[in-house]
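J.: Based on what follows, work out the 3D shape:
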Amino acid sequence: MYQAYQDRYRPLDEAPDGAEYGIVTRDSYAEAVAKLYDSTPMRVDGVPYPQLRDKAVISHKDMNFSVGDIEGVGRVVFFAPKNHKSLNGFLIQQSGYMQPPTSMLTDKILEALIPIMEARGIIGVAYAHGGRGSPDLVTHQGRWGVKTLQAHIAKQVTILLGALHHEFADHNESMTVPPIALMGHSQGGQTIAHELSDPGAYGFAEGQIRGATLINSVALPHSQAMLRTPGFLTNIAWRALSDVTRSLFSGEGFLLRNEDAFRAFIGEGDPKSASAHRMTSSTLPAETAWFVQTLTSGTSPKLNPDLVRGMPISLVTSVNDQLMGAYAQKMTHNHVVSSEADVLWKEVPGRHFSPIMLSGDESIVRVLEIIRGNSAAFEHALQNM
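T.: I've put the predicted structure just below:
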């Protein structure tokens with residue numbers, strides 16, 4: 001499964017015993033999907049934001065990508081292996097805080113997903129709430145708390161599912177409700193927990209969700225466990241206090257860019273690398289009241305065993321996550337296990353964004369270890385598709 005990827009990154013300076021490997025300096029899928037965006041970002045009040053080109057289509061290596069504009073949802077990215085022969089279900093990706101729809105369309109994710117999607121006939125849909133990547137971007141969500149945020153997402157996901165049902169029915173005359181698997185990073189992982197806790201509110205039919213992958217999710221069931229992550233309060237939360245206050249007062253969405261975004265989200269590698277610049281220069285406004293609640297009263301739900309019992313749920317966590325530390329990760333794992341789901345927990349090297357993006361020049365050994373961890377997690381979560 002990994003040989004093709006490993007062959008593309010042969011050792012640069014291989015030692016006689018073959019133990020030394022080279023480095024990976026570019027994320028080919030992330031670079032490719034960047035072409036789905038307009039070369040000139042749209043501006044709102046003078047601030048540039050990335051906008052997906054309507055009906056844009058590209059093909060890269062083993063995957064095809066296309067942009068769809070769904071009324072009431074905005075622009076999403078559909079992705080499917082070139083060798084896709086049947087449609088048996090959908091994988092919905094949900095991006096994290098301030099991230100565009102394409103945040104998980106990267107080498108580390110797609111190299112692990114491609115063979116699974118091919119074998120199971122799965123089409124992927126990359127979605128981000130708030131019109132991110134769309135002309136109707138929401139920029140005034142500073143006062144959005146967890147209830148407002150989840151009500152907004154529930155409305156959009158319900159519409160998205162309707163569109164997917166229609167597409168599925170065109171390919172499967174005997175079935176109208178497609179199996180769905182969910183994948184989310186950070187805040188997107190927490191949103192998946194909300195969907196698992198009340199699937200009907202988000203438009204899912206009974207039994208429609210077949211599995212889920214939570215990647216460095218906001219802690220479950222009490223998100224304020226983030227405060228117990230060493231250095232989080234002083235290095236990240238306090239530094240953002242003035243911007244949080246300003247956002248709450250004005251109602252404008254909270255936004256971190258460039259150096260601030262690198263320090264808060266990535267925190268390792270080269271801040272001038274292409275991958276880091278791509279992420280930190282194209283963040284989007286996010287919910288300030290949700291951020292405050294996450295650190296105080298909590299924004300994560302409890303999972304109901306009656307709804308997730310036996311469901312394959314995978315957790316991917318980073319050993320040095322600066323946002324969701326060891327305590328938060330253990331709390332999340334224990335809670336999902338207590339919900340009686342079928343849980344697989346994979347720990348990978350790096351920090352908060354390491355499972356989904358290059359943080360600069362990474363060794364091929366580390367990249368392959370992350371892809372192996374992701375692959376095992378995805379195989380587990382997608383086993384019922």
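
J.: quick one: buried residues of stretch 313-328?
T.: 313, 314, 315, 316, 317, 318, 321, 322, 323, 324, 325, 328 (16 or more other Cβ atoms under 10 Å). All C-beta spots, glycine's among them, are computed from the backbone N, C-alpha and C.

J.: now do stretch 281-290
T.: The neighbour-count check on stretch 281-290 (16+ other Cβ under 10 Å) flags 282, 283, 284, 285, 286, 287, 288, 289, 290 as buried.

J.: Show me the two of those residues that sit farthest apart.
T.: The largest separation in the buried residues of stretch 281-290, counting by Cβ to Cβ, is between 282 and 289 at 23.5 Å.

J.: what about the longest helix in the protein?
T.: helix 146-171 (DSSP state H).

J.: Just the buried residues of stretch 281-290: which are in strands?
T.: Cross-referencing the buried residues of stretch 281-290 with the strands (criterion: DSSP state E) gives no overlap at all.

J.: so which of these comes closest to residue 367?
T.: Closest approach between those and residue 367, by Cβ to Cβ: residue 282, at 22.4 Å.

J.: and the residue lying closest to the closest one once chain neighbours are set aside, what does it touch?
T.: Beyond its immediate neighbours in the sequence, the residue positioned closest to residue 282 (Cβ to Cβ, 6 or more residues apart in numbering) is residue 50, lying 4.6 Å away. Remark: with contacts taken as Cβ atoms under 8 Å, 6 or more residues apart in numbering, residue 50 is in contact with 37, 38, 41, 100, 133, 282, 284.

J.: Just give the nearest non-adjacent residue to the first one, would you?
T.: For residue 37, ignoring the flanking residues on the chain, the nearest one in space by Cβ to Cβ, 6+ apart is residue 50 at 4.8 Å.

J.: I'd like to know how far the spatially closest residue to residue 120 that is not a sequence neighbour sits from residue 314.
T.: With Cβ to Cβ, 6+ apart as the measure, residue 385 is the residue that lies nearest to residue 120, at 4.8 Å, once sequence neighbours are left out. In this view, residue 385 and residue 314 are 13 Å apart by Cβ to Cβ, to the nearest Å.

J.: Likewise for residue 42?
T.: 36 Å.

J.: same question, residue 230
T.: Plainly put, residue 230 is 26 Å away from residue 314 if you go by Cβ to Cβ.

J.: go on, residue 360?
T.: Taken as Cβ to Cβ, the span from residue 360 to residue 314 is 26 Å.

J.: list the contacts for residue 297?
T.: Taking Cβ under 8 Å, 6+ apart as the criterion, residue 297 is in contact with residue 224.

J.: returning to that earlier point: just flag the most distant two among the contacts of residue 50.
T.: Distances among the contacts of residue 50 were taken as Cβ to Cβ; the most separated pair is 38 and 284, at 14.5 Å.

J.: quick one, strands of the stretch 251-385 of the chain?
T.: 312-318, 342-348, 362-363 (DSSP state E, counting those that start in this stretch).

J.: Let me know the average pLDDT across the last one.
T.: What that stands for is strand 362-363. Regarding strand 362-363, the rounded mean pLDDT is 90.

J.: Contact partners for the closest residue to residue 275 other than its chain neighbours?
T.: Excluding its sequence neighbours, the residue lying closest to residue 275 (Cβ to Cβ, 6+ apart) is residue 358, at 4.2 Å. For residue 358, the contacting residues are 24, 25, 26, 27, 30, 106, 107, 108, 269, 273, 275, 367, by Cβ under 8 Å, 6+ apart.

J.: tell me the pLDDT at the closest residue to residue 203 other than its chain neighbours?
T.: The shortest distance from residue 203 to any residue other than its chain neighbours is 3.1 Å, reached at residue 158 (Cβ to Cβ, 6+ apart). pLDDT recorded at residue 158 is 98.

J.: Also the one 4 residues further on?
T.: Listed pLDDT for residue 162 reads 96.

J.: still on that earlier bit, and the gap between the residue nearest to residue 120 and residue 90?
T.: According to Cβ to Cβ, residue 385 stands 9 Å off from residue 90.
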